[in-house]
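> Kindly return the folded structure for what I paste below:
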Amino acid sequence: MYSLIRKAIFSLDPETAHDLVIKSLHLAGKSPFQFLLNQLLACPQGTPKQVMGITFKNPIGLAAGADKNAEAIDGFGAMGFGFIEVGTVTPLAQEGNAKPRQFRLVEAEGIINRNGFNNYGIDYVVENVKKAKFDGVIGLILVKIKSRRLKRGKMITYFA
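I've put the predicted structure just below:
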(Lines give C-alpha, C1' and ligand atoms only; values in the text may rest on other atoms or scores of the structure.)
Protein backbone atom coordinates (compact mmCIF):
# COMPACT_ATOMS: atom_id res chain seq x y z
CA MET A 1 0.00 0.00 0.00
CA TYR A 2 2.86 2.38 0.84
CA SER A 3 4.39 1.96 -2.61
CA LEU A 4 1.08 2.89 -4.28
CA ILE A 5 0.61 5.97 -2.11
CA ARG A 6 4.24 6.99 -2.63
CA LYS A 7 3.93 6.60 -6.39
CA ALA A 8 0.76 8.74 -6.43
CA ILE A 9 2.30 11.45 -4.26
CA PHE A 10 5.54 11.50 -6.26
CA SER A 11 3.54 11.97 -9.47
CA LEU A 12 2.67 15.44 -8.16
CA ASP A 13 5.03 18.35 -7.66
CA PRO A 14 6.23 18.52 -4.01
CA GLU A 15 4.14 21.52 -2.97
CA THR A 16 0.92 20.14 -4.47
CA ALA A 17 1.60 16.79 -2.78
CA HIS A 18 2.14 18.52 0.58
CA ASP A 19 -1.07 20.54 0.19
CA LEU A 20 -2.99 17.36 -0.66
CA VAL A 21 -1.67 15.61 2.44
CA ILE A 22 -2.63 18.58 4.65
CA LYS A 23 -6.14 18.70 3.17
CA SER A 24 -6.50 14.93 3.62
CA LEU A 25 -5.35 15.11 7.24
CA HIS A 26 -7.70 18.04 7.87
CA LEU A 27 -10.59 15.86 6.71
CA ALA A 28 -9.26 12.77 8.49
CA GLY A 29 -8.97 14.73 11.74
CA LYS A 30 -12.74 15.14 11.86
CA SER A 31 -14.97 12.49 13.37
CA PRO A 32 -15.59 9.68 12.43
CA PHE A 33 -12.43 9.54 10.31
CA GLN A 34 -10.21 10.46 13.26
CA PHE A 35 -10.75 7.09 14.95
CA LEU A 36 -9.93 5.23 11.73
CA LEU A 37 -6.77 7.28 11.17
CA ASN A 38 -5.71 6.62 14.74
CA GLN A 39 -6.18 2.87 14.30
CA LEU A 40 -4.32 2.73 10.98
CA LEU A 41 -1.40 5.09 11.52
CA ALA A 42 -1.04 5.99 15.19
CA CYS A 43 2.42 6.14 16.71
CA PRO A 44 2.92 4.14 19.90
CA GLN A 45 1.78 6.31 22.80
CA GLY A 46 4.90 5.83 24.91
CA THR A 47 5.42 7.35 28.31
CA PRO A 48 4.53 10.96 29.05
CA LYS A 49 7.59 13.20 29.39
CA GLN A 50 7.99 16.36 31.42
CA VAL A 51 10.39 19.00 30.12
CA MET A 52 10.77 22.45 31.71
CA GLY A 53 7.47 22.00 33.53
CA ILE A 54 5.51 21.03 30.40
CA THR A 55 4.05 17.53 30.20
CA PHE A 56 4.09 15.93 26.75
CA LYS A 57 1.85 12.92 26.02
CA ASN A 58 4.86 11.19 24.49
CA PRO A 59 8.26 12.24 23.16
CA ILE A 60 7.32 12.06 19.46
CA GLY A 61 6.39 15.43 17.98
CA LEU A 62 5.75 17.09 14.66
CA ALA A 63 8.16 19.89 13.75
CA ALA A 64 7.11 23.25 12.37
CA GLY A 65 6.72 23.46 8.61
CA ALA A 66 4.48 20.45 8.12
CA ASP A 67 1.29 22.29 9.15
CA LYS A 68 2.18 25.95 8.74
CA ASN A 69 -1.42 27.20 8.88
CA ALA A 70 -2.61 24.85 11.64
CA GLU A 71 -5.14 23.21 9.31
CA ALA A 72 -4.50 19.56 10.17
CA ILE A 73 -3.78 19.57 13.92
CA ASP A 74 -6.42 16.97 14.72
CA GLY A 75 -5.33 14.74 11.83
CA PHE A 76 -1.71 14.77 13.01
CA GLY A 77 -2.92 14.32 16.59
CA ALA A 78 -4.88 11.21 15.56
CA MET A 79 -1.62 9.78 14.25
CA GLY A 80 -0.34 9.79 17.83
CA PHE A 81 1.99 12.78 18.00
CA GLY A 82 2.62 13.93 21.57
CA PHE A 83 3.13 17.53 20.52
CA ILE A 84 2.72 19.57 17.36
CA GLU A 85 4.50 22.73 16.26
CA VAL A 86 2.52 24.83 13.79
CA GLY A 87 3.96 27.51 11.56
CA THR A 88 6.18 29.03 10.61
CA VAL A 89 3.72 31.92 10.59
CA THR A 90 4.08 35.67 10.17
CA PRO A 91 1.97 38.43 11.77
CA LEU A 92 0.31 39.13 8.39
CA ALA A 93 -0.38 36.74 5.52
CA GLN A 94 2.29 36.53 2.85
CA GLU A 95 2.73 34.60 -0.39
CA GLY A 96 6.33 33.50 0.07
CA ASN A 97 8.77 32.98 -2.78
CA ALA A 98 7.83 32.41 -6.41
CA LYS A 99 7.08 28.84 -7.52
CA PRO A 100 8.59 26.38 -7.96
CA ARG A 101 10.02 26.56 -4.44
CA GLN A 102 10.23 22.92 -3.39
CA PHE A 103 12.54 20.41 -5.02
CA ARG A 104 12.81 16.66 -4.39
CA LEU A 105 16.17 14.98 -3.93
CA VAL A 106 14.86 11.46 -4.58
CA GLU A 107 18.14 9.57 -4.20
CA ALA A 108 19.00 11.43 -0.99
CA GLU A 109 15.39 10.98 0.24
CA GLY A 110 15.21 14.69 0.92
CA ILE A 111 13.63 17.90 -0.20
CA ILE A 112 14.83 21.46 -0.66
CA ASN A 113 12.33 23.96 0.73
CA ARG A 114 12.56 27.56 -0.45
CA ASN A 115 8.98 28.50 0.42
CA GLY A 116 9.80 31.86 1.99
CA PHE A 117 7.28 31.52 4.84
CA ASN A 118 4.12 31.44 2.74
CA ASN A 119 1.22 31.41 5.22
CA TYR A 120 -2.19 32.91 5.97
CA GLY A 121 -1.04 34.99 8.95
CA ILE A 122 -1.26 34.68 12.72
CA ASP A 123 -4.99 35.47 13.05
CA TYR A 124 -5.92 32.56 10.75
CA VAL A 125 -3.55 30.21 12.58
CA VAL A 126 -4.80 31.22 16.05
CA GLU A 127 -8.42 30.55 15.01
CA ASN A 128 -7.44 27.07 13.76
CA VAL A 129 -5.57 26.33 16.99
CA LYS A 130 -8.64 27.37 19.01
CA LYS A 131 -10.86 25.00 16.95
CA ALA A 132 -8.51 22.02 17.34
CA LYS A 133 -9.53 19.24 19.70
CA PHE A 134 -5.97 17.86 20.03
CA ASP A 135 -5.16 17.42 23.71
CA GLY A 136 -1.37 17.54 23.42
CA VAL A 137 1.02 20.47 23.49
CA ILE A 138 0.80 22.86 20.53
CA GLY A 139 3.76 25.12 19.82
CA LEU A 140 3.74 28.03 17.41
CA ILE A 141 6.68 29.40 15.45
CA LEU A 142 6.27 33.11 14.70
CA VAL A 143 8.71 35.16 12.59
CA LYS A 144 8.80 38.71 11.29
CA ILE A 145 7.14 39.45 7.98
CA LYS A 146 8.80 39.82 4.61
CA SER A 147 6.85 42.93 3.57
CA ARG A 148 7.11 46.35 5.14
CA ARG A 149 3.39 46.75 5.83
CA LEU A 150 4.07 47.25 9.54
CA LYS A 151 5.53 50.58 10.59
CA ARG A 152 9.10 50.47 11.79
CA GLY A 153 9.34 49.98 15.53
CA LYS A 154 5.77 48.72 15.91
CA MET A 155 5.58 45.63 18.08
CA ILE A 156 2.86 43.02 17.87
CA THR A 157 2.23 40.72 20.82
CA TYR A 158 0.12 37.58 20.71
CA PHE A 159 -0.99 35.49 23.65
CA ALA A 160 -2.38 31.98 23.30
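> And the pLDDT for the closest residue in space to residue 35 that isn't next to it in sequence?
Once flanking residues are discounted, residue 35 sits nearest to residue 78: 7.7 Å by C-beta to C-beta, 6 or more residues apart in numbering. (C-beta placed from N, C-alpha, C; glycine too.) On pLDDT, residue 78 comes in at 85.
> Kindly report the same for the one 5 residues further on.
pLDDT, residue 83: 94.
> quick revisit: over to the residue nearest to residue 35: give its phi and psi.
Main-chain dihedrals, residue 78, degrees, to the nearest 10: phi -70, psi -20.
> Isn't it up against residue 30?
No - shown here, residue 78 and residue 30 do not form a contact pair, counting by C-beta atoms under 8 Å, at 9.7 Å.
> With neighbour numbers in mind, choose between these two.
Legend: neighbour count by other C-beta atoms under 10 Å for residue 78 and residue 30, higher for residue 78 (26 against 13).
> For that one, give its distance to residue 22.
Here the distance between residue 78 and residue 22 works out to 14 Å (C-beta to C-beta, to the nearest Å).
> Could you do residue 65 as well?
Distance, residue 65 to residue 22, using C-beta to C-beta: 11 Å.
> remind me which residues of this protein are low pLDDT?
Segments of the chain classed as low confidence (criterion: pLDDT under 70) are 33-34, 37-45, 146-160.
> Let me see the ranges of the strands in it.
With DSSP state E applied, the chain shows strands at 49-51, 54-56, 61-62, 83-89, 102-105, 110-113, 137-142, listed in chain order.
> Mind giving me the packing neighbours of the lengthiest helix in the chain?
For the chain, the helix that runs over the most residues, judged by DSSP state H, is helix 14-28. For helix 14-28, the contact count by 3 or more C-beta pairs under 8 Å, 6 or more residues apart in numbering; DSSP states H and E identifies helix 2-10, helix 33-41, helix 73-78, strand 102-105 as packing neighbours.
> How about the most centrally placed residue in the chain, nearest residue that isn't a chain neighbour?
The centre of the chain sits closest to residue 67, judged by C-alpha atoms, centre = their mean, with a distance of 1.4 Å. Once its chain neighbours are removed from consideration, residue 67 has its nearest residue in residue 86; the separation is 5.3 Å (C-beta to C-beta, 6+ apart).
> From start to finish, how long is stretch 127-145 in a straight line?
End-to-end distance for stretch 127-145: 19 Å, by C-alpha to C-alpha, to the nearest Å.
> which of the residues in it are buried?
With burial defined by 16 or more other C-beta atoms under 10 Å, the residues of stretch 127-145 counted as buried are 128-129, 132, 134, 136-138, 140, 145.
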